[in-house]
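Chemist: A predicted structure for the sequence below; I have some questions about it.
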Amino acid sequence: MTSHTQPTILLTGVTGQVGFELARTLQGLGKVVALDRSALDLSNLDEVRRVVREVGPQLIVNPAAHTAVDKAESEPDLAMRLNAELPATLAEAAKQLGAGLVHYSTDYVFDGAKDGVYLETDATNPQNVYGRSKLAGEQAIEASGCAHLIFRTSWVYGARGNNFMRTMLRLGAERPELSVVADQIGAPTWSNTIAALTSNVLAQAAGATDAAQWWAEHSGVYHLTADGSTSWHGFAEAIFEFAALENKPVVKPISASAWPTPAKRPANSRISNDKLAKVFGVRAPNWKDALRLCMQSV
């Protein structure tokens with residue numbers, strides 16, 4: 001493909017954990033137009049429509065979201081705007097342009113009551129505002145009829161932004177003992193893993209002889225998390241195992257009921273990556289192996 005025919009890729013949320021990594025991994029797949037808040041106010045949907053029209057992308061990648069799960073309980077309108085209305089607006093624009101849309105969702109669309117891993121076909125039943133708003137975003141994209149890939153991920157962390165790993169490292173340097181929830185299970189997933197696998201899948205789309213046909217055959221929801229699972233307590237212990245701290249804190253296991261939060265979280269956040277592996281031939285590394293790699297850059 002020559003440079004003048006390179007597709008334009010519009011990337012939102014470029015200062016976020018996943019957006020930051022995508023700005024790097026999408027290189028080579030097209031001309032990446034990465035917009036931060038100063039260039040585009042994502043809560044202003046008219047402005048979003050105008051900018052998308054001006055850029056005229058062949059692909060829209062949307063990692064932007066209201067991700068503060070507890071804060072969403074007191075900001076339901078903003079959560080719904082960014083997690084449901086924004087994706088709906090982008091999907092509508094993608095449909096008009098004939099562009100593909102990549103969007104990210106969450107394990108929190110499930111209630112966590114299942115015994116075993118969740119499949120893409122399992123019934124959703126979100127238990128908090130964040131989960132409900134993300135599910136509404138998924139449904140809006142599907143209803144639009146645009147070409148789309150929705151990747152549900154879980155327990156996202158990275159070397160930047162607000163996340164569990166960075167919080168633990170900060171608190172661990174300040175305190176001799178930490179209490180961490182041990183009865184919620186999921187897969188801690190490195191933002192870099194999400195970006196790398198997304199770009200791998202999009203490279204397959206770019207290499208297709210008939211792009212429209214490829215998107216028609218592959219559009220849908222896919223789970224994309226690290227392999228394996230642990231508790232928040234297990235995640236914390238692994239962080240301190242790899243951390244370069246002189247005095248490492250003692251990590252005490254507690255129950256979720258002993259640590260009440262504004263937003264209710266599912267006890268079981270394990271979601272199966274088998275569909276992703278079967279359809280695209282990609283599978284994320286084990287959560288602990290990815291964490292070890294991430295910690296090298298902290």
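Modeler: That came through fine. All figures in this text were calculated on a predicted structure; none of them were measured in a lab. Numbers count the residues shown, from 1 in each chain.
Chemist: Could you pull out the strands in the protein for me?
Modeler: Counting by DSSP state E, the chain has strands at residues 8-11, 31-34, 59-62, 100-106, 147-153, 156-157, 177-181, 185-186, 189-190, 220-223, 230-231, 250-254.
Chemist: How about K95: what's its closest non-neighbour residue?
Modeler: Computed as CB to CB, 6 or more residues apart in numbering, the closest residue to K95 that is not its neighbour in sequence is C146, at 4.0 Å. Just so you know, the C-beta spots here come from the backbone N, C-alpha and C atoms, and that holds for glycine as well.
Chemist: Which residues are in contact with the one you found?
Modeler: Residues counted as contacts of C146 (CB atoms under 8 Å, 6 or more residues apart in numbering) are A91, E92, A94, K95, A99, G100, L101.
Chemist: Tell me how far F110 lies from V61.
Modeler: Look at F110 and V61: by CB to CB, to the nearest Å, they are 24 Å apart.
Chemist: now the helices for the stretch 101-250 of the chain?
Modeler: Along the stretch 101-250 of the chain, the segments classed as helices by DSSP state H, counting those that start in this stretch run 129-144, 164-174, 191-206, 211-218, 232-242.
Chemist: Pick the most buried one from those.
Modeler: Highest mean neighbour count among the helices of the stretch 101-250 of the chain (mean count of other CB atoms under 10 Å): helix 129-144, with a mean of 22.
Chemist: Name the surrounding residues that touch it.
Modeler: Against helix 129-144 from outside (CB under 8 Å, 6+ apart): 65-69, 72-73, 76, 79-80, 82-88, 91-92, 94-95, 101, 103, 105-106, 108-110, 124, 126, 148, 150, 221, 263.
Chemist: out of these, which are buried?
Modeler: Listed as buried from the contacts of helix 129-144 are 65-67, 69, 72-73, 79-80, 82-88, 91-92, 94-95, 101, 103, 105-106, 108-110, 124, 126, 148, 150, 221, 263; burial here means 16 or more other CB atoms under 10 Å.
Chemist: and the strands of the chain as TSV, adding distance to T209 and mean pLDDT?
Modeler: Output for those, formatted as TSV (distance: least, CB to CB, whole Å; pLDDT from 0 to 100):
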stretch	distance to T209	mean pLDDT
strand 8-11	20	98
strand 31-34	22	96
strand 59-62	17	98
strand 100-106	16	98
strand 147-153	16	98
strand 156-157	34	98
strand 177-181	49	97
strand 185-186	39	98
strand 189-190	32	98
strand 220-223	21	98
strand 230-231	42	98
strand 250-254	52	97
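Chemist: Out of those strands, which is closest to N273?
Modeler: Taking CB to CB, strand 220-223 is the member of the strands of the chain nearest to N273, at 5.4 Å.
Chemist: And for the closest one, what's in contact with it?
Modeler: With CB under 8 Å, 6+ apart as the test, strand 220-223 has contacts from 105, 118-120, 138, 148-153, 271-273, 275-276, 279-280.
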